[in-house]
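Enquirer: Dropping the sequence and predicted coords here.
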Amino acid sequence: MSPTFRSLYVRNYRVYASGALVSNVGTWMQRVAQDWLILVLTGSGAALGLVTGLQMLPALLFSPIAGVVADRFPKQQVLKCTQLAMALPAALLGLLAVTGTVQEWHVYVIAFVFGVGTAFDAPARQSFVAEMVGQDDLSNAVGLNSASFNTARMIGPALAGLLIAWLGSGVEATGWVILANAVSYLAVLGSLSALDERRLRPAPVSSQRKGAVREGVRYVRSRPDLLLLLTCVFFVGTFGMNFQMTSALMATEVYGKGAGEYGVLGSILAIGSLAGALMAARRVRPRLIFVVVAGTVFGVAEVVAGLMPSYLTFALLLPLLGFSSLTMVTSANGLIQMTSAPEMRGRVAALYLMVFLGGTPFGAPLIGWIGEAFGARWTLIIGGALSALGIVVAAALYTRVHPVTREQISPRLRRRSRQDLDHEALVGVD
């Protein structure tokens, strides 16, 4: 089997990944439909940013607790509960929209409730990968997870946009798309039930004593490489990766397009994202330097995207945004999974998600307000500039404390021992 897809040789991972792909398509369909729904109801970029922020707020509020849950309870059972916790609010919002009774406040409340389920799902899902494939194939499986997510990102937005346009582009049309996502969670529940539990490699269960959250924070603080990683993903996650909102504003306000063209932008973005994820899947050992470089490239590319004169030129730049962002995210995720102690993996993943997604409740409304006050182009220009500047400053501070030598930058100049390779996986040199 190709080294890019070697994790699919593991039956449990293959079964799980098939169900996750179906659910991911549904998730992206709902994201587009929910954004379109709030735009139809309000016509406001600030309202769109508020919905995005409310959906991400639980990641900030509950991720530390979710990490403890992931480390203390069987992850397979946790995931079954979280799938239901996301399916039910999706079904409710879909029904409200289909019946024409949905109101603006309904979208806000349900987005928050849906986000609670996502907050508890993410650390358990990410750390569960290691239990299915083991350490040797972990980096590959993380890359394939991202590839699955972005394959769905290619299919879901375009399919949602076409369905919404075909059904009339109104509130009812968005409801049918959201209901489709609610049904898609059955695929994950089915795949989780079909796993062979005898072949799983459960991580050691963390202690039941108090202070488990503080223990996870202390562990991260003792790791300068993880601190740099979290700083990078904070800036990009907070200010840069608001694609659903910024693309909606650019498509409608700048280029005068409709739901179908907006959905196509999400699929075009996913082409680059998929390429980045597949490249990461071939990489045996992710490096911290990939996070820094890819994040900086992403920020600069986003500024340029905000200056594009036409819908076509904007669309042509989106694959670079997708490629650089996914290279950063996948490398960051892989580093967390591979270099964290097994008994701490759930909590570290939760802190990563809290930083990565938890800044969105502040960043998304701010970027939405910028779009409403100064125009849609500035959502990309300011968001990209803040992302690149934050990463460059953080990397400069890190290298002052941990200087990178010429030999580390060009490892071919010396013969590397296994100890060197292990060190490089941590500090991120190449």
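Expert: Yes, it's here. Just so we're clear, the structure is a prediction, and the values are computed from it rather than from any experiment.
Enquirer: Does residue 15 touch residue 193 like I think?
Expert: No: assessed by Cβ atoms under 8 Å, residue 15 is found out of contact with residue 193, at 9.7 Å. Every residue, glycine included, has its C-beta placed from N, CA and C.
Enquirer: and the two? which has more neighbours close in?
Expert: residue 15 (18 against 11; other Cβ atoms under 10 Å).
Enquirer: Tell me who's in contact with that one.
Expert: 191, 194-195 (Cβ atoms under 8 Å, 6 or more residues apart in numbering).
Enquirer: Look up phi and psi at it.
Expert: Torsion angles at residue 15 (phi, psi; degrees, to the nearest 10) stand at phi -70, psi -50.
Enquirer: same thing with residue 26?
Expert: Dihedral pair for residue 26: phi -60, psi -40, per degrees, to the nearest 10.
Enquirer: my read: it touches residue 183, true?
Expert: Yes: counting by Cβ under 8 Å, residue 26 touches residue 183, with 7.2 Å between them.
Enquirer: These two: who's more crowded?
Expert: Taking other Cβ under 10 Å, residue 26 and residue 183 do not tie; residue 26 has more neighbours (28 against 15).
Enquirer: Just the pLDDT at residue 360, thanks.
Expert: On pLDDT, residue 360 comes in at 70.
Enquirer: give me the number of residues near the nearest residue in space to it that is not next to it in sequence?
Expert: Using Cβ to Cβ, 6 or more residues apart in numbering and skipping residues adjacent in sequence, the residue nearest residue 360 is residue 56, 3.5 Å away. Using other Cβ under 10 Å, residue 56 has 27 other residues around it.
Enquirer: what about the stretch 101-250 of the chain, any weak spots by pLDDT?
Expert: Across the stretch 101-250 of the chain, the ranges flagged by pLDDT under 70 are 135, 203-212, 244.
Enquirer: which residues in it form strands?
Expert: Counting by DSSP state E, counting those that start in this stretch, the stretch 101-250 of the chain has no strands to list.
Enquirer: ok so, going back, give me the distance between the residue nearest to residue 360 and residue 119.
Expert: Separation of residue 56 from residue 119 (Cβ to Cβ, to the nearest Å): 9 Å.
Enquirer: Show me which of the contacts of residue 15 are buried.
Expert: 191, 195 (16 or more other Cβ atoms under 10 Å).
Enquirer: Of the contacts of residue 15, just say which sits nearest to residue 300.
Expert: residue 191 (39.2 Å; Cβ to Cβ).
Enquirer: check contacts around the residue nearest to that closest one when sequence neighbours are not counted.
Expert: In space, residue 191 comes closest to residue 19 once its chain neighbours are excluded; the distance is 2.9 Å by Cβ to Cβ, 6+ apart. Contact analysis of residue 19 by Cβ under 8 Å, 6+ apart lists 187-192.
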